[in-house]
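>>> Need a 3D model of the following:
(one chain, ligands or ions: 4)
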Amino acid sequence: MTFPATKITPNLWTKLPLSMARGIATQVELPSTSLNLQRRAQARIREIDFASPVNKHLIDTFNRQHNYLRISLTERCNLRCFYCMPSEGIELSPDGKLLTNAEIIRLATLFVKSGVTKIRLTGGEPTIRKGIAEIIGDLNSLRKYGLKSIGMTSNGLALHRHLPQLVENGLSHLNLSLDTLDPFKFELITRRRGHDAVLKALKVALESPLASVKINVVVIKDLNDSEVLDFVEMTKTENISVRFIEFMPFTGNKWDKKKMVPSSELLERIRAKHPNVERAPDELNDTARSWSIPGHKGHFGFISSMSDHFCSSCNRLRLTADGQIKVCLFDATEVSLRDKLRTGASDQELLETIGRSVSGKKEKHAGMEDIDVITNRPMILIGGRLKKSMYPTLHLVHSPSGSVHRHQKSGLRVYSTSSSPSPSLTHIDERGRASMVDVGEKQPTKRTATASGRIYITKLAYELVTASYPTEDSSSSSAESRAVAKARHKGDVLTVAQLAAIMGAKQTSSLIPLCHPLALSKIGVVLQPETTTRKSGSGEDVTYSILCTATVACEGKTGVEMEALTSVSVGLLTVWDMLKAVAGQEMIIGEIMVTHKAGGRSGDFSRPEIDTMLCDT
Ligand SMILES: Nc1nc2c(ncn2[C@@H]2O[C@H](COP(=O)(O)OP(=O)(O)OP(=O)(O)O)[C@@H](O)[C@H]2O)c(=O)[nH]1
Ligand SMILES: C[S@@+](CC[C@H](N)C(=O)[O-])C[C@H]1O[C@@H](n2cnc3c(N)ncnc32)[C@H](O)[C@@H]1O
Ligand code: SF4
Ligand code: SF4
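Ligands and ions are numbered 1, 2, ... in the order given. This is a model prediction of the structure:
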């Protein structure tokens, strides 16, 4: 006999681990007198299987037990983070294709009864899903089947007012995405405003009884990597976990290895300031490797999906908003549970479908050298599909046929760019020469457009603009006062800029070569000085700016967005001219955009405002 099975006392049998039971059950050299032992071993295996918290359909061929389900509640979002979605936007699934609240709960119940103990709601932005509070409440009732945690990953924009209700209904863990402490950079990264709202949400979260609050920071070289120490500073007084995430590639996000800062490099920067930084315990199956600084209340960690992946301990499955099961973030394969559900599949049939997907899960994702050639969905969708015209033109392997084929090195599916239609320009004739569009045949309709833009100015310039005029002694001899006097000499900055913006709208066709002259019926310009305050390591940082908004209208054959944009641009340039004596070259003009447009064939457009996108929970 090669196995000391006979030495196992009845008491020990009940604790015999699966591997040993298997060893005994499969031994061929057991004497016939020991067949009883084999039977006992087989019985022990059945006992373990029965008691196993995870159904066999959720265990893959690498023995990874999938007890973490991420549910995407929506494909929509109130931000437009450049690293998550293509600038062209995404094609949304029609509402009828999305899982209903009842379908989400039916599937979640099945997963929980099969061993899932952790559910994370994500998206898109989960907080804009109608009825999220009820969904959380219903998930909470699954605790009786073994569900231990209900988490949510959110950008926080619409959260601060709703969070207490969500927590009351059962939300236990919140991961808040906040990549920068600088409001200006926030707008660059998310292509939207709302930094203040996210900070408010963070404050509410830290004051709530949530079991954990984590901040997700996607680190991009030369954009926000200089803020890593400021984020670490937050862990000094707050019981939070800040996680620095390596920038990952998804279709359309223009991933570039050079924009990614490896976690090891960030750790060295942190160590240079805090030599006593030490490794902290990780949670089981955690994506992050945690570290802390002695004396700090919170800790920080690195999610090194690219440089040091954690696939061997992967325990996660994804359910997309349109009801697909996706077993790996980087695997485009998916199976529709929604279709099965809607054709009357039983729980057992659904579980078997899930099991087939799980058993096909690969050991790990492609390495850094190959991963940028796979065609996956943009991160925001993780469940929808890209418009053909959105297939990326970078990082793709071309095929002569212009069809889908496999990348030679990784074996992953790639798309050729040759089938992508190219958009056409309206101001170019067939020979590629500039030409004004003939609008003679078009019917005049009421058109309106609103554009906005911002100029960032210095504190002194801000005070000058907002102080009632005149307030200071312009005879003072300091250089600063002389500059103030010189600027004031030009007049009331906001009034002059407003008039200039009105003139700018009227002059658009003289300035922009192919714009039609239009008889404008309305030009409304508002210049609003604004301050934004943020906490920094050394106290508070305040940003000073002036927001210029112009609304233009006409009864005509072409749109008036160029007039609105020109108006804003001229208004902001005038502010620059008026303030250059005090603010010099430190000013920045930016974020010039169309925010609303109505009338005309292309239909109405409204850039989502933070407040209009709030969920209605
Ligand atoms: N490779 C890989 N990375 C993932 C996966 N899920 C999340 N991440 C990474 O982890 C980051 C944070 O995701 P979160 O939504 O906060 O989820 P989480 O890290 O699982 O959250 P915890 O439950 O707090 O551990 C994402 O931005 C990704 O970079 C995954 O399944 N695979
Ligand atoms: C897709 S978002 C969805 C939830 C929510 N809208 C949010 O931003 O928190 C989930 C997480 O993925 C992260 N993420 C998105 N694109 C990423 C990328 N290219 N690389 C790394 N993380 C990314 C976000 O920062 C966020 O923390
Ligand atoms: S990361 Fe989140 S907030 Fe940003 S665009 Fe993607 S889904 Fe929206
Ligand atoms: S890449 Fe795939 S296998 Fe690796 S951790 Fe993410 S989901 Fe799991």
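
>>> From residue 546, how far off is residue 571?
When distances are taken as CB to CB, to the nearest Å, residue 571 and residue 546 turn out to be 9 Å apart. In short, each C-beta sits where N, CA and C put it, glycine included.

>>> okay, and the common contacts of these two?
Common contact partners of residue 571 and residue 546 (CB atoms under 8 Å, 6 or more residues apart in numbering): 497, 527.

>>> neighbour count winner among those two?
residue 571 (30 against 26; other CB atoms under 10 Å).

>>> Now do the same contact list for the more buried one.
Residues in contact with residue 571, defined by CB under 8 Å, 6+ apart, are 453, 497, 498, 500, 501, 504, 525, 527, 548, 550.

>>> Equivalent analysis for residue 549, please.
Contacts for residue 549 were tallied using CB under 8 Å, 6+ apart; they are 450, 451, 452, 525, 526, 528, 568, 595.

>>> Convert the C-alpha atoms of the host helix or strand of it to PDB, please.
Using DSSP states H and E, residue 549 maps to strand 539-556. Taking Å, rounded to 0.1, in the frame of the first residue of the first chain, the C-alpha atoms of strand 539-556 are listed here in PDB:
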ATOM      1  CA  GLY A 539      -4.200  72.800   2.100                       C
ATOM      2  CA  GLU A 540      -6.600  74.000  -0.500                       C
ATOM      3  CA  ASP A 541      -6.000  74.800  -4.200                       C
ATOM      4  CA  VAL A 542      -8.400  77.300  -5.800                       C
ATOM      5  CA  THR A 543      -8.800  77.600  -9.600                       C
ATOM      6  CA  TYR A 544     -10.200  80.800 -11.000                       C
ATOM      7  CA  SER A 545     -11.900  81.000 -14.300                       C
ATOM      8  CA  ILE A 546     -14.600  82.800 -16.400                       C
ATOM      9  CA  LEU A 547     -17.200  80.700 -18.200                       C
ATOM     10  CA  CYS A 548     -18.500  82.300 -21.400                       C
ATOM     11  CA  THR A 549     -21.800  81.000 -22.800                       C
ATOM     12  CA  ALA A 550     -23.300  82.200 -26.000                       C
ATOM     13  CA  THR A 551     -26.800  81.400 -27.400                       C
ATOM     14  CA  VAL A 552     -27.500  82.300 -31.000                       C
ATOM     15  CA  ALA A 553     -30.700  82.000 -33.000                       C
ATOM     16  CA  CYS A 554     -32.000  82.600 -36.500                       C
ATOM     17  CA  GLU A 555     -34.700  81.600 -38.900                       C
ATOM     18  CA  GLY A 556     -32.600  80.200 -41.600                       C
END
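
>>> what lines up beside that strand in the sheet?
Strand 539-556 has the following sheet partners, assigned by DSSP bridges: strand 445-457 (antiparallel), strand 520-536 (antiparallel).

>>> Give me the distance between the longest one and the centre of its chain.
In this case it means strand 520-536. For strand 520-536, the distance from its own C-alpha centre to the chain's C-alpha centre is 27 Å (CA atoms, centre = their mean, to the nearest Å).

>>> For it, buried residues please.
Of the residues in strand 520-536, those with enough neighbours to count as buried (16 or more other CB atoms under 10 Å) are 520, 523, 524, 525, 527, 529, 532, 534.

>>> Could you give the average pLDDT over that strand?
When pLDDT is averaged over strand 520-536, the result is 87.

>>> contacting residues around it?
Identification of contacts with strand 520-536 by CB under 8 Å, 6+ apart yields 181-183, 195-196, 199, 230, 448, 462, 465-466, 494, 497-498, 501-502, 505-506, 540-555, 560, 563, 567, 571, 575.

>>> Buried only: go through the residues you listed for me.
Among those, those that count as buried by neighbour count (16+ other CB under 10 Å) are 181-183, 195-196, 199, 230, 448, 462, 465, 494, 497-498, 501-502, 505-506, 543-554, 560, 563, 567, 571, 575.

>>> Up against ligand 3, what does the stretch 101-250 of the chain have?
When proximity is defined as CB under 6 Å from any ligand atom, the stretch 101-250 of the chain approaches ligand 3 at 123, 124, 125, 155, 177.

>>> Keep only those residues that also lie close to ligand 2.
If you filter those for contact with ligand 2, counting by CB under 6 Å from any ligand atom, you are left with 123, 125, 155, 177.

>>> Next one: residue 183 from ligand 1, what distance?
Using CB to the nearest ligand atom, to the nearest Å, we find residue 183 at a distance of 22 Å from ligand 1.

>>> How about residue 328?
For residue 328, the distance to ligand 1 equals 7 Å [CB to the nearest ligand atom].

>>> if I read this right, that residue contacts residue 363, doesn't it?
No: with the criterion set as CB atoms under 8 Å, residue 328 and residue 363 do not qualify as a contacting pair; they are 9.9 Å apart.

>>> who's more crowded, the two?
Summary of the neighbour comparison: residue 328 and residue 363, criterion other CB under 10 Å, with residue 328 having more neighbours (22 against 12).

>>> With neighbour count, secondary structure and distance to ligand 4 added, can I get the residues of the stretch 101-250 of the chain next to ligand 3 in CSV?
Compiled in CSV, these are given as follows (neighbours: other CB atoms under 10 Å; DSSP: H, G, I helix; E, B strand; the rest coil; distance: CB to the nearest ligand atom, whole Å):
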residue, neighbour count, secondary structure, distance to ligand 4
123, 26, coil, 17
124, 28, coil, 18
125, 25, coil, 21
155, 28, coil, 21
177, 22, strand, 18
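
>>> Please identify which of those residues is nearest to ligand 3.
residue 155 (3.6 Å; CB to the nearest ligand atom).

>>> May I ask you to confirm that the closest one is in contact with residue 76?
No: in this structure residue 155 lies outside contact range of residue 76 using CB under 8 Å: 11.8 Å.

>>> The residues of the stretch 101-250 of the chain next to ligand 3: which two are farthest apart?
Taking CB to CB as the measure, these reach their widest spread between 124 and 177, a distance of 12.2 Å.

>>> Overlap in contacts, these two.
The overlap between the contact sets of residue 124 and residue 177 (CB under 8 Å, 6+ apart) is empty.

>>> where does the stretch 501-617 of the chain dip in pLDDT?
Filtered on pLDDT under 70, the stretch 501-617 of the chain yields the residue ranges 537-538, 602-603, 608-617.

>>> So which residues on the stretch 301-450 of the chain come close to ligand 1?
Residues of the stretch 301-450 of the chain found near ligand 1 (CB under 6 Å from any ligand atom) are 303, 305, 309, 316, 329.

>>> Then the last one would be within a strand, right?
No: membership of residue 329 in a strand is not supported by DSSP: H, G, I helix; E, B strand; the rest coil, which gives coil.

>>> neighbours of it, just the number please.
Around residue 329 there are 18 residues (other CB under 10 Å).

>>> thought it was touching residue 320?
No: shown here, residue 329 and residue 320 do not form a contact pair, counting by CB under 8 Å, at 11.4 Å.

>>> Contact residues of this structure facing ligand 3?
77, 79-81, 84-85, 123-125, 155, 177, 379-380.

>>> Make CSV out of those residues and add pLDDT.
Formatted as CSV, the residues of the chain next to ligand 3 follow (pLDDT from 0 to 100):
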residue, pLDDT
77, 94
79, 93
80, 90
81, 92
84, 89
85, 83
123, 92
124, 94
125, 97
155, 98
177, 98
379, 69
380, 68
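
>>> quick check, nearest of those residues to residue 290?
Closest approach between the residues of the chain next to ligand 3 and residue 290, by CB to CB: residue 177, at 18.3 Å.

>>> where's the closest one relative to residue 596, distance?
If you go by CB to CB, the gap between residue 177 and residue 596 works out to 27 Å.

>>> With residue 565 instead?
Taken as CB to CB, the spacing of residue 565 relative to residue 596 amounts to 12 Å.

>>> More neighbours: which of those two?
Neighbours were tallied for residue 565 and for residue 596 using other CB under 10 Å; the higher tally belongs to residue 565 (23 against 17).
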